[in-house]
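Undergrad: when you get a sec, could you give me coordinates for this:
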Amino acid sequence: MCGGIGYLMGLCVTKIGLHHFIVTLAFMGLARGLSMIITQGTPISLFSLPPEFKFIGQGTLYGVPFSIIIFFVVVVISDYLLRNATAFRKVFYTGSNEKAAEYSGVRTDKVKLWVTVMCSALCGLGGIIYMSKFGAATPNFGVGLELNIIAAAVIGGASFNGGQGSVFGAILGIALLSVVSSSLILLDVSVYWQDFIKGLILLGAVALDHILNRKPS
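TA: This is a model prediction of the structure:
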């Protein structure tokens, strides 16, 4: 289902020509709205599902949570492919200079399409792990996490101009934000200030990215 949503997003970007960021926000609203309509805002219990499904989020393998193993496997494989596989390197070529990539023979529309499908499918995997771990499908889960995700990617080296970033960089960005959040709690900073401080961190990261990647006039 998530891969199908990603495919529709990719078509909106490649066939209609809409901006991918706006398309992502629009489909996020559509998916959340549809979830609310179907569930009427009520979490759905999943404790009656098979033990094999619960094992994904609650089980352990040699003492290590299975969800953590999935996380590391996805991170290592994704980072390796981005650095070494030709198909994945085309993502960087398309992001850094789409016109040059097209002139070099890269089918940029196809690249953008399968990237949206893969990203959406990975979101679905995250949703499955969450449901398995907590035994419920919560229609409003993840609301407000967009800022953290964008901040983690930018802090980790991803550029809004495209063509930069890495999987491990994004993980380091997440780790930094987690340290900041934990520090704010330990310092007894009011919860009303925490989003403000995270917003400042994101603004600083975006400003630094703009300065470092600003093209000379």
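Undergrad: pLDDT below threshold where in this structure?
TA: Residue ranges of the chain with pLDDT under 70: 209, 213-217.
Undergrad: which element is the residue nearest to the spatial centre of it on?
TA: With the centre of the chain defined as its mean C-alpha position, the nearest residue by C-alpha atoms, centre = their mean is I149, 6.2 Å away. Taking DSSP states H and E as the definition, one finds I149 inside helix 146-155.
Undergrad: per-domain residue ranges of this structure.
TA: Domain assignment for the chain by automatic domain parsing gives 1-141, 144-217.
Undergrad: gap between the first one and the chain center?
TA: Okay, so that is domain 1-141. 7 Å (C-alpha atoms, centre = their mean, to the nearest Å).
Undergrad: wait, a helix at G162?
TA: No. When classified by DSSP: H, G, I helix; E, B strand; the rest coil, G162 is found to be coil rather than part of a helix.
Undergrad: I'd say it and V91 touch.
TA: No. Counting by C-beta atoms under 8 Å, V91 is not a contact partner of G162; they are 9.1 Å apart. Using the backbone N, CA and C atoms, a C-beta is placed for each residue, glycine as well.
Undergrad: okay, the two: which has more neighbours?
TA: Neighbours were counted for G162 and for V91 using other C-beta atoms under 10 Å; V91 has more, 23 against 16.
Undergrad: for G33, see how far away the residue lying closest to V154 once chain neighbours are set aside is.
TA: Sequence neighbours aside, A205 is the residue nearest to V154 in space, at 4.4 Å (criterion: C-beta to C-beta, 6 or more residues apart in numbering). Per C-beta to C-beta, to the nearest Å, A205 is found 30 Å from G33.
Undergrad: looking at these two, which one has more neighbours?
TA: Higher neighbour count among A205 and G33: A205, with 21 against 11, using other C-beta under 10 Å.
Undergrad: residue contacts, the more buried one?
TA: A151, V154, I155 (C-beta atoms under 8 Å, 6 or more residues apart in numbering).
Undergrad: would you format those as TSV with distance to E102 included?
TA: Formatted as TSV, these follow (distance: C-beta to C-beta, whole Å):
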residue	distance to E102
A151	31
V154	26
I155	31
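Undergrad: please enumerate the helices of the chain.
TA: Assigned by DSSP state H, the helices in the chain fall at 2-11, 20-39, 51-58, 66-84, 86-96, 98-103, 108-134, 146-155, 167-186, 191-212.
Undergrad: what helices or strands is the fifth one leaning on?
TA: Applying 3 or more C-beta pairs under 8 Å, 6 or more residues apart in numbering; DSSP states H and E, one finds that helix 86-96 contacts helix 66-84, helix 98-103, helix 108-134.
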